[in-house]
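Engineer: Any chance you can model this:
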Amino acid sequence: MHSSKLVRHMPSLACLSLATLLFWWQPARELSATLVAMAYLGVCLHLWQHHRQAVPPHETTSSALLIAYASQGGQARELAERSADQLRGAGVATSVLPLNGLSPEALHDHRRVLFIVSTYGEGEAPENAARFERQLLNQARDLSHLEYAVLALGDRQYNHFCGFGRRLDTRLRELGALPLFDRLEADRGDAGVLRHWQQQLAHVGGNSDFSDWQPAPYQRWRLDLRECLNPGSQGAPAFHLGLSAGDGRHNWRAGDIAEVGPRHSLAEMDALLRRLGHDPQASIDQLTLADALSTRRLPDDEAALLGLDIDGLLALPLLPHREYSIASVPADGQLQLLVREARHADGSLGIGSGWLCRHSAIGNELDLRVRSNPGFHGPAADTPMILIGNGTGLAGLRAHLRERAGTPASMNWLVFGERSAQHDQFFRDELQAWLISGHLQRLDLAFSRDQPGKIYVQHLLRDAADELRRWIDEGAALYICGSLEGMGREVQQILAGVLGDQQLQQLTEQGRYKRDLY
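Structural biologist: A predicted model of the protein is given here:
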């Protein structure tokens, strides 16, 4: 018998044995019956209390993050294991299971689940997921406690591209689960989508120190503009950056992403190499050694680099890319970004924002590549658009507004939040000009620190519930860009309360509700 089963049966076995013993010891019938009953109850009570102390109560929700995969040929399993390794490296307790090892009822035992799922044949679930899908379709329990994300793998040559991943996402939303970010769909293992998935894992794990699974070549771009948009702000400095392509070709759409290859400060690399006994100006493939090392991930403990020769230093993995929403359109003649300076707990600059906002000089060349992000491309020009965001999330929304500025009579409503009206009104003059010209039909601004009770964009949406419903009834699309934690989650909850879960699900299926959260 399994040990846990033995523990569960011990009270009844012990009570039975005592009763049997006392049965054969028979004084007067009345006294015997009383003694047997009292002894039986006493022993059972003692063992039951001991058993309750020995077996801890069941915890209904696990703090560990679960990655569940559905794989036909092994790709989803490999990506699940890589995802788990990245999260564990960030200090996140993570477990991995095939979907046939998970029941829908078990979803109640988890707070966060990431699904990496392939689609088989013409939209079918892989063999190790078919049973789970059938059970989930018959599931009627509330999953509103669950946060999840879906990476769907498929092949666009088939009619029902990512069919299983789409059905899974739809069903989880129907049951009340909250998506951490919108479903990602990778056509035949698209490297850009997988890099985006890695960035989302970095946001979930709170650590951007990872290695790209499928690195792609960068192009050379020149840094032409860097302007601080919020001098005097209580928040970290936010910079408006402008870059131009070395080959002169500017080709992207509103909603697309700039992937930047960051570098360490060259001054810091120079000092480090001198401490290690190397010449920072040594020539390495037309670069200096300091230049080459600036693109590498360095260990936290400098002592780990002692004794490494040049080949050993250059064998260090490359720094992971950083993603930024593009804030302009090609007609502007520049790829523009809105980047907030980030600092670690010890006060040191973040590698990506430090490189863009501080270390790289105007006129320097940067490593950058543009990644198409069709999941956040804009709707038809005649579709009204409600744009919601906070902080540097304004970048992606601004690109949409600039793109639609070329189309007369488009309907646009912007809801944006920052700290203070005095210091944090990014692109103030541009937004006011659009409001005056009628390009913006409505502009709602929330400045959280300008009054005793903090006001955020979700509060503005709640207060404008009737107008929000009217725009949606007239065919508007909702686009949200900004922070995953806080704003993204709370706006989702407000929209569900104002519009209802069912209508929000319909908007998602119609492509009228899209989010770019980080």
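
Engineer: what about Gly500, how many neighbours?
Structural biologist: Neighbour count for Gly500, taken as other C-beta atoms under 10 Å: 12. Backbone N, C-alpha and C define where each C-beta goes, glycine included.

Engineer: Return the distance of it relative to Ala327.
Structural biologist: Note on Gly500: its distance to Ala327, by C-beta to C-beta, to the nearest Å, is 33 Å.

Engineer: what's the answer for Gly246, then?
Structural biologist: 20 Å.

Engineer: Which of these two has more residues huddled nearby?
Structural biologist: The neighbour comparison of Gly246 against Ala327 (other C-beta under 10 Å) goes to Ala327, with 27 against 13.

Engineer: quick one: that one is in a strand?
Structural biologist: No: counting by DSSP: H, G, I helix; E, B strand; the rest coil, Ala327 falls outside a strand, being coil.

Engineer: Now do the contacts for it.
Structural biologist: 240, 336-338, 394-396, 398-399 (C-beta atoms under 8 Å, 6 or more residues apart in numbering).

Engineer: what do you get if the cut-off is 10 Å, keeping everything else the same?
Structural biologist: Residues near Ala327 by C-beta atoms under 10 Å, 6 or more residues apart in numbering: 240-242, 254, 258, 334-339, 392, 394-399, 402, 426-427.

Engineer: Near the closest residue to it other than its chain neighbours, how many other residues are there?
Structural biologist: With sequence-adjacent residues excluded and distances taken as C-beta to C-beta, 6 or more residues apart in numbering, Ala327 is closest to Ala395, at 3.7 Å. Neighbour count for Ala395, taken as other C-beta under 10 Å: 27.

Engineer: Would it be right to say that Ala395 lies in a helix?
Structural biologist: Yes: under three-state DSSP, Ala395 sits within a helix.

Engineer: mind starting the numbering at 349 from now?
Structural biologist: Okay, using 349 as the starting number, the last item reads as Ala743.

Engineer: Kindly confirm whether my reading is correct that it touches Phe774.
Structural biologist: Yes: if you go by C-beta atoms under 10 Å, Ala743 and Phe774 touch, sitting 8.8 Å apart.

Engineer: Find the residues that touch each one of those two.
Structural biologist: Residues touching both Ala743 and Phe774 (C-beta under 10 Å, 6+ apart) are 586, 588, 675, 686.

Engineer: So which of the contacts of Ala675 are in strands?
Structural biologist: Judged by DSSP state E, the subset of the contacts of Ala675 located in strands is 588-590, 606, 683-687.

Engineer: center of the chain - which residue?
Structural biologist: Gln548 (3.7 Å; C-alpha atoms, centre = their mean).

Engineer: got a list of what that residue touches?
Structural biologist: By C-beta under 10 Å, 6+ apart, Gln548 lies in contact with 431, 462, 497, 499, 528-530, 532, 671, 832, 865-866.

Engineer: Now, these that are in helices?
Structural biologist: Mapping those onto helices (DSSP state H) picks out Ser431.

Engineer: count of neighbours near His588?
Structural biologist: Neighbour tally, His588, other C-beta under 10 Å: 18.

Engineer: Just confirm Arg717 is within a strand.
Structural biologist: Yes: according to three-state DSSP, Arg717 belongs to a strand.

Engineer: That one contacts Asn599, correct?
Structural biologist: No: look at Arg717 against Asn599 with C-beta under 10 Å: they stay out of range, at 11.7 Å.

Engineer: So what's the gap between stretch 670-684 and the chain middle?
Structural biologist: Averaging C-alpha positions (C-alpha atoms, centre = their mean, to the nearest Å) puts stretch 670-684 22 Å from its chain's average.

Engineer: quick one: terminal-to-terminal distance for that stretch?
Structural biologist: 15 Å (C-alpha to C-alpha, to the nearest Å).

Engineer: List the buried residues for that stretch?
Structural biologist: Buried residues in stretch 670-684, defined by neighbour count with 16 or more other C-beta atoms under 10 Å: 670-678, 682-684.

Engineer: Next: stretch 767-786.
Structural biologist: Neighbour-count burial for stretch 767-786 flags 767-768, 771-775, 779, 782 (criterion: 16+ other C-beta under 10 Å).

Engineer: that older thread, looking at the shared contacts of Ala743 and Phe774, which is nearest Phe512?
Structural biologist: Distance to Phe512 across those (C-beta to C-beta) is lowest for Ala675, with 35.5 Å.

Engineer: Quick check: the gap between the closest one and Ala729.
Structural biologist: In this view, Ala675 and Ala729 are 20 Å apart by C-beta to C-beta.

Engineer: can you check Arg543 too?
Structural biologist: Distance, Arg543 to Ala729, using C-beta to C-beta: 30 Å.

Engineer: Tell me which of the two has more neighbours.
Structural biologist: The residue with more neighbours, out of Arg543 and Ala729, is Arg543; 21 against 14, by other C-beta under 10 Å.

Engineer: Contact partners for that one?
Structural biologist: Contacts for Arg543 (C-beta under 10 Å, 6+ apart) come out as 560-564, 605, 607, 668-669, 671, 717, 719.

Engineer: swap in Gly625?
Structural biologist: Taking C-beta under 10 Å, 6+ apart, we find Gly625 in contact with 654-655.

Engineer: do the same with the one 3 residues further on
Structural biologist: Taking C-beta under 10 Å, 6+ apart as the definition of contact, the neighbours of Pro628 are 614-615, 617-622, 636-639, 641.

Engineer: go with 6 Å
Structural biologist: 618, 621, 637-638 (C-beta atoms under 6 Å, 6 or more residues apart in numbering).
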